[in-house]
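**Student:** structure of the sequence below:
(2 chains)
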Amino acid sequence: MSSEPTDRGTWRLVARRDFWVRIRERSFLISTLINIAVISILVLARASSVGGSGPSFDLGYVGSPSIATGASQLGHDAQPPIPIGVHAFADQTTANAALRNGSVDAVVVGTHLIGLTDIPDVLSSLVQASARNAAVTALLDRNDVPQTERDAANDPTPLVLAVLQPAPPHRSENAAVAFVGVLLLYGQLFGYGIWVASGVIEEKASRVVEMLLSAIRPKQLLLGKIVGIGTLGLAQLIVISSFAIGLAFATNAINVSSSAFGAAGLVIGWFILGFAFYATLFAAAGSLVTRMEELQNVIVPINLTILVSFFISIGALQDPNGRLQVIASILPTSSALAMPVRIVVGAAPAWQVAVSLVALVGSTVLLVPFAARLYSGAVLRTRGRVRIREAWRSAE
Amino acid sequence: MLELIDLRRRFDDVVALDGVSFEVPDGRIVGFVGRNGSGKTTTMRIALGVLHADAGRVMWQGRPVDAVTRRRFGYMPEERGLYPKMRVREQLVYLARLRGTPKGLARSRATELLEILQVVGDPNDRMETLSLGNQQRVQLAAALVHEPDVLVLDEPFSGLDPVGVDVLAEVLRGQARDRGVPVVFSSHQLELVERLCDEVVLIDRGRIVARGSIRELRAMRARNLWRIEVPAATDGWWEVVPGVSLAGRDDGAVVLELNGDADPQRILDLARAEGDVAAFGPVRPSLSELFREVVAE
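**Tutor:** Predicted coordinates for the structure are as follows:
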C-alpha cells in the first residue's frame, strides 16, 4: 500500500534554496558586519556615558581658599560624588593662564567666579552654595551659635522624594534597549522585505519562474521564498542580538539582564510576525514588475508605511502612551515596530498587546491568499509592468 | 496518453485558443506546427498548468491532470531561463527535487544527462558562464532530469547547432521508444518535424486545422501531382487524357495534376510514345508546402 504522492512540503525545498543561496552572498556578509558595527557604536556610546564616573572639575582660587575647598567638600558629599580638584594661584594673571590652557575650569577670585567661555552649571552651583555657606558660617560665628545647633542646621533631614506619575524602573535603560531593538527590527523588516521582492523579480527576469510554476504551485513558491528569506533574517537577527547583549554586559552599558533578554525576545517574536505581514506585500509588489529598476516604483507605499511606523516607534520611546503611538501599536501596518517599543518601555497594557497580536496575525492570514493570487496572476507576465487589476483577473 | 480536450482561452479581446483538441499517444512523437501567435505556446502552458484555460480539460491516462500529476511532466518553456548564478548540476538537482525526485537519484540523473546532451564545461560551473548553446542543452536536461512521464517542449530545437539537433532528436526518440513517453514539441523547422514525428498537429488562429501522420496529411490535403520529363515531347501531349491538367513547369519537366480516375500509368504510356522518359514520379509535397496550403485556406 503506497499513499498517494503529494506535493505538500515542496515549499521547504524553495525555502532551503533561498536560504542557502543568500547566506553565501556577499551582501549578506556586508549587512551583518554593518549591523554589528552600528550596534557596537550604540552600545559603546551608552557604556561611556553610563560606565564613566560622571563629571569632574578643577577649580582654582586666588587669595582665600575657603570657598574653593568648601565647594570641593560639597562635591565630595554629593550623591553620586562630583570630584573637584582645588588649585591655588598667586595672582590673577597666572590663574587666567591656567584657565586658557584648560588646566582649571574656573577660578574663585574674591567675590567673582571666573571661567574662560562659560562655567559648568554643576560647578557654579556648588561654588555658589559654598559661598552661601561661608557667609552663613561667618554670621553664626558673629552670634556665637553653639556647634550642636550649627550641625543640626547644616545637616537637615533630607526631603523624601515622591512623584505623581512614577516612571517604570530602569526607564532610561529600557528606552536604550528599545531603541536598539526597534532600529534592528526596522533594518531587518525593511532589508529582508526588499530581498523577497527582488527574489521574486529575479525569477521573473531570468524567466526561470515558468519552469518553477510548471513544477510547483504559486502558493508554495511564495511561501517557500518568504520562509527561506525570513529564516535568514531571523538567524541574522539572533546573531546580532546575541552580540549586542554580550557587548552590552561586557562594557556595563546595561546591567539589568531581564530587560535586555526580554527585549531581544520581543524583537525576534515581532520580527517573525511583522516579516510575514510585510514580506507578503513585498512579494506581491515584486511580482508586478520585471526589472530591478522598476522595483522602487512598486514598493514606495510599503517603504513609506515601514518608515512612518519606524518614526512613530522612535517617538514612542519618549511618549509611549501618546494617542498616535497607541493607535500605531495596534494597527497591523505599524504594530510590528511600535508595539515592541511600548512593551519594552513598559507602557503597553496586556489587552492592547493582545489586540495588536490578533490584528497582525489575522490580517496576515487574510493577506496571504490575496497576495498569492496577485502573485500567480502577475508572475508569468514577463513583459513590462502589470496592473494590480490585470493580475487579479488573470489568475481566475 | 495525454489528451487536450476543447481548450479555450481569451486574452482580453483576443481569442488565443478556440477549442483546441488533440492527443499524444504513449510512445509517440507529435509535432505541433503553426505560425507565430497561432496558439502553440498558450496550449502548452495550459497543458503544464502554468496558465489556466477558460474552458476545456487536460487529461493524463484518462484522468484530469492536477498539480500532483503535473510533477511527472517534463517541460521546456518557450521563454528559456534558469537561475543565472546557480551551478549547473545544483540547478538540475533542485528542479528534479521540486518535482519529487529523491536527492541521490536527481544527482546521478543530472550528471548523466549533462553527458548525454554533451554539455561542455564543468557541472559546477555557474549557468551564466555557459555559451547560449550549452545553456539550451541544460534547459533540455531540466525538462528530462526527473524522468518525466510526458514531454511537452516548446521550440526545443531553436538555437541548437546541427549536432545538438541530432543529439536531441535521438534523446526524444529514445524517450518515446524505450520509456513509452508521449512527446509533443513545437517547431518551425518543418523538415525536422517531418523526419522525427509520428504525427503532426497543425494549428492556426487558435484552431487545429489538420492532424495525423505525414502520410495521412498528404492523402488528405495534397493534390495528386506527377512530374514527367520527356525532352523530345511536343507540348500539350497530355491533353488527350481526361482529368489531367498542367499544374506547372519545372526545369524542363512538366508537373501534371491528376483528377478523378486519371491513371498515372496511362500518362506514362503516352509519355513513352512521345520519346525517352528522363524522369517520372509523384510529387510529394513537403510538410512546409502542406502547411502553407492548409494555412492559406
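
**Student:** get me the contact residues on chain A for chain B.
**Tutor:** Neighbours of chain B within chain A, by CB under 8 Å from any CB of the partner chain: A:4-7, A:10, A:13-14, A:17, A:21, A:202-203, A:206-217, A:380, A:382, A:395-396. In short, each C-beta sits where N, CA and C put it, glycine included.

**Student:** which of those residues are buried?
**Tutor:** By neighbour count, with 16 or more other CB atoms under 10 Å in any protein chain shown, those hold A:7, A:10, A:13-14, A:17, A:21, A:202-203, A:206-217, A:380, A:382, A:395 as buried.

**Student:** filter the residues you listed down to just the ones in strands.
**Tutor:** The strands, defined by DSSP state E, take in nothing from these.

**Student:** helices - which of these land there?
**Tutor:** Within those, residues falling in helices by DSSP state H are A:10, A:13-14, A:17, A:21, A:202-203, A:208-215.

**Student:** surely residue B:283 meets residue B:254?
**Tutor:** No: counting by CB atoms under 8 Å, residue B:283 sits too far from residue B:254 to count as a contact (11.0 Å).

**Student:** show me which of the two is the more surrounded one.
**Tutor:** residue B:254 (20 against 17; other CB atoms under 10 Å in any protein chain shown).

**Student:** burial count for residue 149?
**Tutor:** Just going to use chain A. 10.

**Student:** ah, I was thinking of chain B
**Tutor:** Neighbours around residue B:149, by other CB under 10 Å: 18.

**Student:** per-residue confidence for the closest residue to residue A:110 other than its chain neighbours?
**Tutor:** Excluding the flanking residues, the one nearest residue A:110 by CB to CB, 6 or more residues apart in numbering or on different chains is residue A:63, at 6.3 Å. On pLDDT, residue A:63 comes in at 87.

**Student:** now do the SS call for the residue of the stretch 51-200 of chain B found nearest chain A.
**Tutor:** Closest approach of the stretch 51-200 of chain B to chain A (CB to the nearest CB) occurs at residue B:81, with a separation of 2.6 Å. The assignment at residue B:81 comes out as coil when based on DSSP: H, G, I helix; E, B strand; the rest coil.

**Student:** show me what contacts it?
**Tutor:** Each residue near residue B:81 by CB atoms under 8 Å, 6 or more residues apart in numbering or on different chains is listed here: A:206-211.

**Student:** for those, which one is nearest residue B:95?
**Tutor:** Nearest to residue B:95 among the contacts of residue B:81, counting by CB to CB, is residue A:211 at 6.4 Å.

**Student:** what's the angle between the one helix or strand residue B:43 maps to and helix A:208-215?
**Tutor:** Residue B:43 belongs to helix B:40-47 when elements are defined using DSSP states H and E. With axes from the mean of the first three to the mean of the last three CA atoms, to 10 degrees defining the directions, helix B:40-47 sits at 40 degrees from helix A:208-215.

**Student:** please enumerate the helices of the stretch 1-150 of chain B.
**Tutor:** B:40-47, B:67-70, B:88-98, B:103-116, B:132-144 (DSSP state H, counting those that start in this stretch).

**Student:** these: lowest mean pLDDT?
**Tutor:** helix B:67-70 (a mean of 88).

**Student:** gap between that one and the chain center?
**Tutor:** The chain centroid and the centroid of helix B:67-70 are separated by 24 Å under CA atoms, centre = their mean, to the nearest Å.

**Student:** so it, near chain A or not?
**Tutor:** Yes: Helix B:67-70 reaches chain A (CB under 8 Å from any CB) through B:67-68, B:70.

**Student:** what lies in contact with that helix?
**Tutor:** A:4-7, A:214-217, B:48-49, B:60, B:63.

**Student:** state the pLDDT value of the residue of chain A found nearest chain B.
**Tutor:** Distances between chain A and chain B by CB to the nearest CB are smallest at residue A:207, namely 2.6 Å. If you check residue A:207, the pLDDT there is 88.

**Student:** just checking, it touches residue B:83?
**Tutor:** No: look at residue A:207 against residue B:83 with CB under 8 Å: they stay out of range, at 10.3 Å.

**Student:** okay, the contacts of residue B:81 in JSON lines with distance to residue A:387 next?
**Tutor:** Rendered in JSON lines, the data for these read as follows (distance: CB to CB, whole Å):
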{"residue": "A:206", "distance to residue A:387": "23"}
{"residue": "A:207", "distance to residue A:387": "21"}
{"residue": "A:208", "distance to residue A:387": "24"}
{"residue": "A:209", "distance to residue A:387": "19"}
{"residue": "A:210", "distance to residue A:387": "21"}
{"residue": "A:211", "distance to residue A:387": "25"}
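
**Student:** next up, the contacts around residue B:123.
**Tutor:** Counted by CB under 8 Å, 6+ apart, residue B:123 has contacts B:87-89, B:110-111, B:114.

**Student:** could you rerun that using 7 Å?
**Tutor:** Going by CB atoms under 7 Å, 6 or more residues apart in numbering or on different chains, residue B:123 touches B:88-89, B:111, B:114.

**Student:** of those residues, select the buried ones using a PyMOL command.
**Tutor:** Restricted to buried positions by 16+ other CB under 10 Å, the PyMOL selection for the contacts of residue B:123 reads:
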select buried, chain B and resi 88+89+114
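
**Student:** which pair in the contacts of residue B:123 spans the largest distance?
**Tutor:** B:88 and B:111 (10.2 Å).

**Student:** how about residue B:48, nearest residue that isn't a chain neighbour?
**Tutor:** residue A:214 (4.3 Å).

**Student:** which parts of chain B are strands?
**Tutor:** According to DSSP E, the strands that chain B contains are B:2-11, B:14-24, B:29-34, B:55-60, B:63-64, B:73-76, B:150-153, B:183-186, B:199-204, B:207-212, B:225-229, B:244-250, B:253-258, B:279-282.

**Student:** likewise chain A?
**Tutor:** A:57-62, A:84-89, A:106-109, A:112-115.

**Student:** dump the ones you listed into CSV; add distance to residue A:325 and mean neighbour count as well.
**Tutor:** Listed next are the strands of chain A as CSV, based on distance: least, CB to CB, whole Å; neighbours: other CB atoms under 10 Å in any protein chain shown:
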stretch, distance to residue A:325, mean neighbour count
strand A:57-62, 40, 22
strand A:84-89, 42, 18
strand A:106-109, 43, 24
strand A:112-115, 42, 15
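
**Student:** interface residues of the stretch 1-150 of chain B facing chain A?
**Tutor:** B:48, B:50, B:52, B:67-68, B:71, B:75, B:77, B:79-84, B:94-95, B:97-100, B:142 (CB under 7 Å from any CB of the partner chain).

**Student:** thank you, goodbye.
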